[in-house]
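Colleague: I need the structure of the sequence given here:
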Amino acid sequence: MKWSCNVRNKTFGNSFILEGRTLYELIYGHTLDILSSCKFDFYEPIWYYEPNTFPEDKRFIGQWLGEAHKISQAMCYWVLTRTGKPIARSTVQPITEAEMSTEFVKSELKTFDESVSTTLTINSDNSDAYAIPDYLQYIDDGQEDNETPHYESMEPEAAMPEADDFTTKEYDKYILAEVLLPKGDDLVLG
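Modeller: Reported below is the predicted structural model:
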């Protein structure tokens, strides 16, 4: 559900009120980078890397579970491992169609599914298996749900001033102002 809501908030809706923008852009006022959301589908088989030493294999098969917000750097994802426990990794890449057709990957995926299925079946008898792990717990960032997030500007001198910071005299210079607008090869007054 969380992944589905995240994708819907970041994608275009056909509502007239949105004026061609996403819900996120309408609410927060800036366009969101959707690269991390559209790179994988939910529960897609992927490769993830572990920092092992040279002779050992560093690349493992896992299932993509979604973005890992507030865990690490950008493009960090939750990956389901063969142990049935999700881990956060930024070293993730898709399995290509050519790789999916190889016997090695097919057997690895079959072994992965059997391992996860066995792990989840064993844990279903344990009442602690349904407890939410610490790394998936809600992180309170001290901000109310109904507040708009405040972002520090990367260039404070280029920040847009608040409307309340101006007096009415400062707005007087815009009354009856005219601008030149291009129309074909000519400029017209607007």
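
Colleague: quick one, domains of this protein?
Modeller: Taking automatic domain parsing as the criterion, the chain consists of the domains 1-38, 42-123.

Colleague: quick check: residue 71 touching residue 88?
Modeller: Yes - applying Cβ atoms under 8 Å, one finds residue 71 in contact with residue 88, separated by 4.6 Å. (Glycine included, C-beta is placed from N, CA and C.)

Colleague: packing partners of the lengthiest helix in the chain?
Modeller: In the chain, with assignment by DSSP state H, the single longest helix is helix 103-123. Contacts of helix 103-123 with other secondary structure elements, assessed using 3 or more Cβ pairs under 8 Å, 6 or more residues apart in numbering; DSSP states H and E, are made with strand 59-67.

Colleague: what lies in contact with the strand it packs on?
Modeller: Among residues not part of strand 59-67, those counted as contacts by Cβ atoms under 8 Å, 6 or more residues apart in numbering are 2-3, 6, 36-37, 40-50, 76-82, 86, 89, 92, 95, 105, 108-109, 112, 116.

Colleague: low pLDDT regions in this protein?
Modeller: Along the chain, the parts satisfying pLDDT under 70 run over 13, 36, 53-54, 72, 122-154, 158-161, 163-164, 166, 170-171.

Colleague: strands along this structure, start to end?
Modeller: 45-49, 59-67, 77-80, 86-89, 92-94, 180-183, 186-189 (DSSP state E).

Colleague: looking at the ones you listed, which is buried most?
Modeller: strand 77-80 (a mean of 22; mean count of other Cβ atoms under 10 Å).

Colleague: could I have that one exported to CSV, CA atoms only?
Modeller: The C-alpha atoms that make up strand 77-80 are tabulated as CSV, following Å, rounded to 0.1, in the frame of the first residue of the first chain:
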residue,chain,number,x,y,z
TYR,A,77,15.9,0.7,-1.5
TRP,A,78,14.4,-2.1,0.6
VAL,A,79,15.4,-5.5,-0.7
LEU,A,80,14.0,-8.8,0.4
